[in-house]
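Asks: Sequence below, structure please.
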Amino acid sequence: MAKRRTKLQLMQESGPPEKPSHSADTIREEFLNYLRGECHLADNTIEAYGRDLNRFIGWVGKRRLDSIRVGDLTQFMGTLSEAGLAPASVSRAVVAIRTFFKYLQLEGTVSENPAELLAAQKMWQRMPGVLSQRQVDQFLRAPRRSDAFWLRDVAMLEVLYATGCRASEVCSLRVRDLSLDQKHLKCTGKGGKQRMVPIGNRAIAAIERYCEQLRGELAAKPPHPPDELFLSRSGRALDRIQLWRLVKHYAKRVGIDSGISPHSLRHSFATHLLAGGADLRQVQEMLGHASIQTTQIYTHVEHSRLKRVHQQYHPRA
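Replies: Take a look at the predicted model:
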């Protein structure tokens, strides 16, 4: 009777197993899981990288990923610009493709990373939309007592401008994150990173009025009281789309440009701080930027302030 061979002996006799062929959909999902599980990126960033990867995979077609060279990637980025994508979107796509090839290299799918040599476009070739201080005042006064949820809306708009928080951060803000007596709140940003953000007297007063007069009524509607600070008419947490629509609604009411969005208040927050003489590192910390290079897009305002000082005081200006 022949001796039974072990599983290890069978594997040794048959040689190493062939690598399973991965479809584009499988590679995409595994990459997104890598971003989520190992890179701990925010959901919005993962979603954006997924769109960038869809464009890239569609452009690559049936070509092997290990045959892609830096010249090919440069050509792909050129197609994005020709398609009308904003410089910031093209720059993000560069980062997404770099990260994707880094992942492929870690997985052994490619031996070299051609995306390391990929030149990124200059970030923010146009200045971000910023409201003047007069426009901010008009905008924050836009909600009227006749509006059904004006107390909530006033508090929400005040928080957006007072803290410079992203729309998603404001929507996820919980009551227990507030430390109004100490004039700050705890914000959860990209990748679950938390930071303490100062908040001013006007925003504090608006939050207190909203909590005392309206929030309890809204929170009583669902079966379980929600933790979030800003609630919709149904008593559930306000989402980013609802917040975006409210900002658009109030901007239109006071005649502000239709391109204004919740992010415009974040831009205005940073711009006005720098114009007032704030240190760039301090603004970086308040905005929750991982890199100071991202915060530097606002320094054009600081330069304009220095230009005014020069014109006012220099004898040869």
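Asks: Point out where this protein drops to low pLDDT.
Replies: 1-23, 117-129, 258, 299-310, 312-315, 317 (pLDDT under 70).
Asks: show me where it has strands.
Replies: Taking DSSP state E as the criterion, the chain carries its strands at 178-179, 184-188, 194-198.
Asks: Can you give me the distance of Arg134 to Tyr161?
Replies: Distance of Arg134 to Tyr161, given as CB to CB, to the nearest Å: 13 Å. Glycine gets a C-beta too; all of them are placed from N, C-alpha and C.
Asks: Name the residue in the two with the higher neighbour count.
Replies: A count of neighbours by other CB atoms under 10 Å puts Tyr161 above the other of Arg134 and Tyr161, at 22 against 8.
Asks: Contacts only, for that one.
Replies: For Tyr161, the contacting residues are Val136, Leu140, Ala203, Leu265, Ser268, Phe269, by CB atoms under 8 Å, 6 or more residues apart in numbering.
Asks: So which of those residues wins on neighbours?
Replies: Going by other CB under 10 Å, Leu265 tops the contacts of Tyr161 with 29 neighbours.
Asks: Sitting in helices, which of the contacts of Tyr161 do you find?
Replies: Those of the contacts of Tyr161 mapping onto helices are Val136, Leu140, Ala203, Leu265, Ser268, Phe269, per DSSP state H.
Asks: In CSV: those residues, plus distance to Arg98.
Replies: What follows is those, written out as CSV (distance: CB to CB, whole Å):
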residue, distance to Arg98
Val136, 37
Leu140, 40
Ala203, 39
Leu265, 31
Ser268, 31
Phe269, 30
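Asks: Need the max-distance pair from those residues.
Replies: Within the ones in helices among the contacts of Tyr161, Ala203 and Ser268 form the most distant pair, 14.2 Å apart (CB to CB).
Asks: re the thing from before, distance to Leu151 and mean neighbour count for the strands of the chain - can I get that in TSV?
Replies: Below are the strands of the chain laid out as TSV (distance: least, CB to CB, whole Å; neighbours: other CB atoms under 10 Å):
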stretch	distance to Leu151	mean neighbour count
strand 178-179	16	16
strand 184-188	18	19
strand 194-198	22	15
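Asks: Figure out which of the ones you listed is closest to Asp66.
Replies: It's strand 184-188; of the strands of the chain, that one is closest to Asp66 (CB to CB) at 39.1 Å.
Asks: Parallel or antiparallel, list what pairs with the closest one.
Replies: Strand 184-188 pairs in its sheet with strand 178-179 (antiparallel), strand 194-198 (antiparallel), by DSSP bridges.
Asks: what's the distance between Leu180 and Ala205?
Replies: Using CB to CB, Leu180 is found at 9 Å from Ala205.
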